[in-house]
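[1] Sequence first, predicted model second:
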Amino acid sequence: MPIALNLNNQLSFAGYKVINYRILNGSQVPNFSAAMISYAVSQALGIWSAWSPLIFRRMYDLTQGDIAIDFYPDERGGPLGTAAISIDTTEPFFLNKYKEPISLPYGPFDLIAAIAHEIGHRICYVNRHSPVGGLMYYTQGERVVNRNLNQVEIDEIQNKYGRLLIQPIFMNLNRAVLLNYTGNVNFQKSASMLTVQGDENTSLAIQLSIANIIGKKINAIKIKVKCYSKYAIVNKVMLYDGTRVMANQILSFSSEKSKPAEFVIAIGLPKKPLALENLTVKIEFLFLNVINATYGMDRNRIDISEIKIETVPKDWQVAKLLMI
């Protein structure tokens, strides 16, 4: 088992820790199928596994598993969930903020963030919240998307479980191809940057493939993004191993304001699977703002400066992590 020590922050690279989980009543969530709930739980777990040596495995025997993620009806207006982990299905939730036309006087709330928040209480933030905002803040705003960890939360999970020994493989941005689009859009590429733009209510999707990855253990995809406004959205990322779907993640990420913001999208694969074939990444973008003399196409613009596949060692020791 390879062990290395990071002398800058005294965090050890450690072996993998496995947590088995089960989903209860996933078919009972209003407006969502059991398959959609399964994807939402996987994405929520991936938020934590992207930055840690945790491996999450689903148990289909409902009498087994270290943690149960339960969906049940409770009193509206209370907590969205509990650290048990239970999600209150009387609350209105969304998965895809921009493709679910929900008009309600109250809510809806980000279902993936709610699940990830309660998972965080169970595995890291036991009986406490983050004092500095982020996913583990004590409250969640209506129609707010929060599907990334901030640096304080990354430090917390790594302080508890250790760090990963990352071996990144960078995708060649100049090989991106335009898959499909609607309306007036612009797609430019070079070895160092992808730029996509679109008129009001347009969309486009791009695809990149990578071949030198067969047999490697995949931890995450991480994408460096600059969104120029809240109207330019990285809406969805899918990762394929050949024709097999490895990740299907709804993001709905933008700057969340009327000025540019730069951030890293971390898409964790909870099981850290082996790549059996060539990998393909597909990214879907949406553009919502009106383009006129005052607001040009730059407001509906997204730049991607890096896409990397994080691979991790195959020969690390795998330890069963006992949950209380």
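    Thanks, I have the structure now.
[2] residue ranges with poor pLDDT in the stretch 51-200 of the chain?
    74-84, 101-105 (pLDDT under 70).
[3] Now do the strands in it.
    Remark: strands assigned in the stretch 51-200 of the chain by DSSP state E, counting those that start in this stretch are 54-58, 67-72, 81-82, 86-88, 93-94, 109-110, 167-170, 177-182, 185-189, 194-198.
[4] mind putting the ones you listed in a markdown table, mean neighbour count included?
    All C-beta spots, glycine's among them, are computed from the backbone N, C-alpha and C. Formatted as a markdown table, the strands of the stretch 51-200 of the chain follow (neighbours: other C-beta atoms under 10 Å):
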| stretch | mean neighbour count |
| --- | --- |
| strand 54-58 | 20 |
| strand 67-72 | 20 |
| strand 81-82 | 20 |
| strand 86-88 | 22 |
| strand 93-94 | 24 |
| strand 109-110 | 22 |
| strand 167-170 | 13 |
| strand 177-182 | 13 |
| strand 185-189 | 16 |
| strand 194-198 | 23 |
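[5] just checking, what packs against the helix or strand where residue 43 lies?
    Using DSSP states H and E, residue 43 maps to helix 34-49. Under the contact definition 3 or more C-beta pairs under 8 Å, 6 or more residues apart in numbering; DSSP states H and E, helix 34-49 sits against strand 16-24, strand 54-58, helix 111-123, strand 217-227, strand 244-253, strand 261-268.
[6] buried stuff in the helix or strand following the fourth one?
    What that stands for is strand 217-227. On the C-terminal side of strand 217-227, the closest following helix or strand by DSSP H and E is strand 232-241. Across strand 232-241, burial judged by 16 or more other C-beta atoms under 10 Å covers 232, 233, 234, 235, 236, 237, 238, 239, 240, 241.
[7] Bridged to the second one, which residues?
    Each beta-bridge partner of residue 233 is listed here: residue 286, as defined by DSSP bridges.
[8] residues in contact with it?
    98, 227, 252, 253, 254, 285, 286, 287, 288 (C-beta atoms under 8 Å, 6 or more residues apart in numbering).
[9] again, but for the fifth one
    By C-beta under 8 Å, 6+ apart, the contact list for residue 236 reads 96, 248, 249, 250, 251, 283, 284.
[10] Show me which of those is closest to residue 158.
    Residue 158 has its nearest neighbour among the contacts of residue 236 in residue 249, at 21.8 Å by C-beta to C-beta.
[11] What does the pLDDT read for the most centrally placed residue in the chain?
    The centre of the chain sits closest to residue 267, judged by C-alpha atoms, centre = their mean, with a distance of 4.4 Å. pLDDT, residue 267: 96.
[12] Same question for residue 226.
    96.
[13] Is there a neighbour count for it? I'd like the number.
    Neighbourhood size, residue 226 [other C-beta atoms under 10 Å]: 17.
[14] just checking, it touches residue 259?
    No. Contact criterion C-beta atoms under 8 Å: residue 226 and residue 259 do not qualify, at 11.1 Å.
[15] sorry, back to before: contacts for the helix holding residue 43, please.
    Helix 34-49 is contacted from outside by 21, 23, 26-27, 29, 32, 54-56, 58, 69, 71, 95, 111-113, 115-116, 119-120, 123-124, 135, 147-149, 157, 219-220, 247-250, 266-270, 272, using C-beta under 8 Å, 6+ apart.
[16] that older thread, drop anything exposed from the contacts of residue 236.
    Counted by 16+ other C-beta under 10 Å, the contacts of residue 236 give 248, 249, 250, 251, 283, 284 as buried.
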